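J.: output the structure for:
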Amino acid sequence: MSYQENIARIINHGPGYAVLPIQDMKIFERLRAAFIDSISEDLNQKEDLNKIRESMIGMPKSEINKIMLNLMTQHQASEILVKSCKNLVTALSGSELFIQRRANFIINIPGSDQRRQWPHYELMSGVSPFTYVIWAPLHDLDDGGGIYYLDASESLAIMKAEDQKGLVNGPEMFDMLHNRVALNLKYGEAVVFNPFILHGNSNFESKFARIACSVRFQSALKPLMQKHTDYFRHYVIENLEK
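T.: Next up, the predicted model:
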C-alpha cells in the first residue's frame, strides 16, 4: 500500500483526518505569494508575511471580514492548493474532480474576544458526504493557534447524543469543545479531513494574526448534493507523478 493510499484509508476508515506534508512546495508557495501581493496592495505596503500578520492586530472585525472577502477574487487559489497535494487528492477522489470555485483564506486575530468558530462538521454547510477538505496554514502555528479535530468515533458519538435531544450544533456541544487543544502545524503541512469530522478553532495569544487557506474537493463521479456548480467547478489533475 502506498503512502497516499494509507493516508486515504486513515481519512476514510480511521480517525477521519490526517496531518501530512505538502507534496509540492513550489506550487504551494505560489499561494502564499498571491496572498502577500493581494494584502500588501490593500494595505499600501509591500512587506513580508509576519509584518502583514502583525499589522492586522487591532484591526476592526469588519475590516478583517472585508479583506477575507476580497481574497476570494484569488480564483487560482483552489487549483493551487489541490495541485500542491495532488497525489493525496487523487488517492481520495481520482483525477477528475469538482473543486471549490473560491478557496477560503481564513484570518483570525488573537484574543478571547475575537472571531471564534463554532464547532461544526462540513455536512452542516450542505456539502456532499463525498467531499474532503484541505486546510493549510501560510506560516508556522507555533503559538497554540490553529484548529482542533475530533476523531471519527468521538465525532459520531457527539452527533448521536445531539440527535437524541433533537439538536444540531447545540450549546452543550459548544461548551464541550471550546477548550480543545489545537494542532501545531508547521508551514508546509496540511490537514485533510472528511465531512463527518467535528472541528473548530481555538483562542490563542500571539503578536501575529493567524492565516490559513482551505479548499473542498470531491470526485466528479459523485453527486454534489446541496452545493451545486455555483460553489464547485470541474477540474482535472493532469501529469500525475507515479
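
J.: ok, then the element right after the helix or strand bottoming out on mean pLDDT in the chain?
T.: Sorting the helices and strands of the chain by mean pLDDT, DSSP states H and E puts helix 171-177 at the bottom, at a mean of 71. Heading C-terminal from helix 171-177, the first helix or strand you meet, by DSSP states H and E, is strand 189-193.

J.: do you know how far the closest residue in space to His139 that isn't next to it in sequence is from Leu167?
T.: Excluding the flanking residues, the one nearest His139 by Cβ to Cβ, 6 or more residues apart in numbering is Tyr187, at 5.3 Å. Any C-beta I mention is one placed from the backbone N, CA and C, and that applies to glycine too. According to Cβ to Cβ, to the nearest Å, Tyr187 stands 38 Å off from Leu167.

J.: now do Gly14
T.: Going from Gly14 to Leu167 by Cβ to Cβ gives 27 Å.

J.: check Val127 too.
T.: Where Leu167 is concerned, Val127 sits at a distance of 21 Å (Cβ to Cβ).

J.: so for these two, which sits in the more crowded spot?
T.: Val127 (22 against 13; other Cβ atoms under 10 Å).

J.: where exactly do the strands run in this protein?
T.: 17-21, 96-100, 104-108, 132-137, 147-149, 189-193, 199-201, 210-219, 232-236 (DSSP state E).

J.: how about the ones you listed, which one is nearest Asp163?
T.: Across these, Asp163 has its closest neighbour in strand 199-201 (18.7 Å, Cβ to Cβ).

J.: returning to what we had before: other SSEs contacting the least confident helix or strand of the chain?
T.: helix 152-164 (3 or more Cβ pairs under 8 Å, 6 or more residues apart in numbering; DSSP states H and E).

J.: so for the helix it packs on, mean pLDDT?
T.: Per-residue pLDDT over helix 152-164 has a mean of 90.

J.: quick check, central residue of this protein?
T.: Among the residues of the chain, the one closest to the centroid is Trp135, at 2.7 Å (Cα atoms, centre = their mean).

J.: so how far is Glu189 from that residue?
T.: For Trp135, the distance to Glu189 (Cβ to Cβ) stands at 10 Å.
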